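Student: Return atomic coordinates for the entry below.
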Amino acid sequence: MSNSMVPYESRSSLAKKGVTAVGCIAGSIGLFILGSLAPVAGIVAGAVAGVAGLCALMSKDPADKAPGAVIAGAGALTVVSKLPLVGVLAKPFFGLGPVILLGVGIWNGVKFIKGLKARS
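Tutor: Numbers count the residues shown, from 1 in each chain. The predicted model follows:
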């Protein structure tokens, strides 16, 4: 089948995959960094991330709500993981969460690159 007959993705769908890839990879790096911080610095950074996420959740733009929820959740997880008693329960999420986000980012990046190649 020639390239002219292969259907390709719309520009908006392709852009969404690219943005998702970059956001997931950046988020995984951020979670790796937040997980490695000292307890006091982790609580402060988690609180800042939580407030930023809550601000994004209060935005009128619906596109800001999902990233805001993720950022607020990451901030809450960071604060909880740095607390002495309940931190033991939250620590495994810092091992699993960044790896999953990185995987989703790489998956969307591959789909984005394949879509770009199909368009050219």
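
Student: where does the chain have low pLDDT?
Tutor: 1-7 (pLDDT under 70).

Student: Tell me which stretches of the chain form helices.
Tutor: With helices called from DSSP state H, the chain shows them at 11-36, 39-57, 65-82, 87-119.

Student: most tightly surrounded among the ones you listed?
Tutor: Scoring the helices of the chain by mean neighbour count under mean count of other CB atoms under 10 Å gives helix 65-82 as the most buried, with a mean of 19. From N, CA and C alone the C-beta is placed, and that goes for glycine too.

Student: Let's see that helix as PDB, backbone CA atoms only.
Tutor: Presented in PDB, the C-alpha positions along helix 65-82 are these (Å, rounded to 0.1, in the frame of the first residue of the first chain):
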ATOM      1  CA  LYS A  65      -8.200  20.200  35.700                       C
ATOM      2  CA  ALA A  66      -6.600  16.800  35.000                       C
ATOM      3  CA  PRO A  67      -2.900  18.000  35.300                       C
ATOM      4  CA  GLY A  68      -4.000  19.900  38.400                       C
ATOM      5  CA  ALA A  69      -5.300  16.800  40.000                       C
ATOM      6  CA  VAL A  70      -2.200  14.900  39.200                       C
ATOM      7  CA  ILE A  71       0.100  17.600  40.600                       C
ATOM      8  CA  ALA A  72      -2.100  17.900  43.700                       C
ATOM      9  CA  GLY A  73      -2.000  14.200  44.200                       C
ATOM     10  CA  ALA A  74       1.800  14.100  43.700                       C
ATOM     11  CA  GLY A  75       2.200  16.900  46.300                       C
ATOM     12  CA  ALA A  76      -0.100  15.100  48.800                       C
ATOM     13  CA  LEU A  77       1.800  11.800  48.200                       C
ATOM     14  CA  THR A  78       5.100  13.600  48.800                       C
ATOM     15  CA  VAL A  79       4.000  15.100  52.100                       C
ATOM     16  CA  VAL A  80       2.500  11.800  53.300                       C
ATOM     17  CA  SER A  81       5.600   9.800  52.300                       C
ATOM     18  CA  LYS A  82       7.800  12.100  54.400                       C
END
